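> Compute the structure for the input listed below.
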Amino acid sequence: MHVRADGDWAEITLREFGRWREPPPEPAVGDPVVPRGRGLLLMSAFSDVRVEPGANGTTVTLRVPRERAGSATPADDGRLETLASTG
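Okay, here's the model as predicted:
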């Protein structure tokens, strides 16, 4: 894991050595739901996400707006409300 600050943004890079599996397409109405994690959905709720699969593993980079000095709340760009509405 690598973390760095870049102006108004913080960037977190994670690398693992497993194999990347593409997310399945949205199931049609009535189709059974394929059990998969919700990691990408959760990460994209609070950050810009870049996934780079490769032969030797996967690198995921999260770019997050930094909080303003003295603020107790994260930057407001509507992502958390969108996530809550997809429930």
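
> What are the boundaries of the strands in the protein?
When assigned using DSSP state E, the strands of the chain occupy the ranges 2-6, 9-16, 48-54, 57-65.

> Give the other helices and strands that the first one contacts.
Judged by 3 or more Cβ pairs under 8 Å, 6 or more residues apart in numbering; DSSP states H and E, the packing partners of strand 2-6 are strand 9-16. Where you see a C-beta, it was placed from the backbone N, CA and C, and this is true even at glycine.

> that older thread, out of the strands of the chain, deepest packed?
strand 57-65 (a mean of 16; mean count of other Cβ atoms under 10 Å).

> ok so, going back, now for the strands of the chain, which one comes closest to residue 29?
Across those, the minimum distance to residue 29, taken as Cβ to Cβ, is reached by strand 48-54, at 27.4 Å.

> So what angle separates the directions of that closest one and strand 9-16?
30 degrees (axes from the mean of the first three to the mean of the last three Cα atoms, to 10 degrees).

> Note down every partner strand of strand 48-54 and its orientation.
Strand 48-54 sits in its sheet next to strand 57-65 (antiparallel), going by DSSP bridges.

> Any chance you could give me the partner strand in CSV, C-alpha atoms only?
In CSV, the C-alpha atoms belonging to strand 57-65 read as follows (Å, rounded to 0.1, in the frame of the first residue of the first chain):
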residue,chain,number,x,y,z
GLY,A,57,-1.7,-9.2,-9.9
THR,A,58,-4.0,-6.2,-9.7
THR,A,59,-3.3,-2.6,-8.7
VAL,A,60,-6.2,-0.4,-7.4
THR,A,61,-5.7,3.3,-7.1
LEU,A,62,-8.2,5.4,-5.0
ARG,A,63,-8.2,9.1,-5.4
VAL,A,64,-10.0,10.9,-2.6
PRO,A,65,-10.8,14.6,-2.0
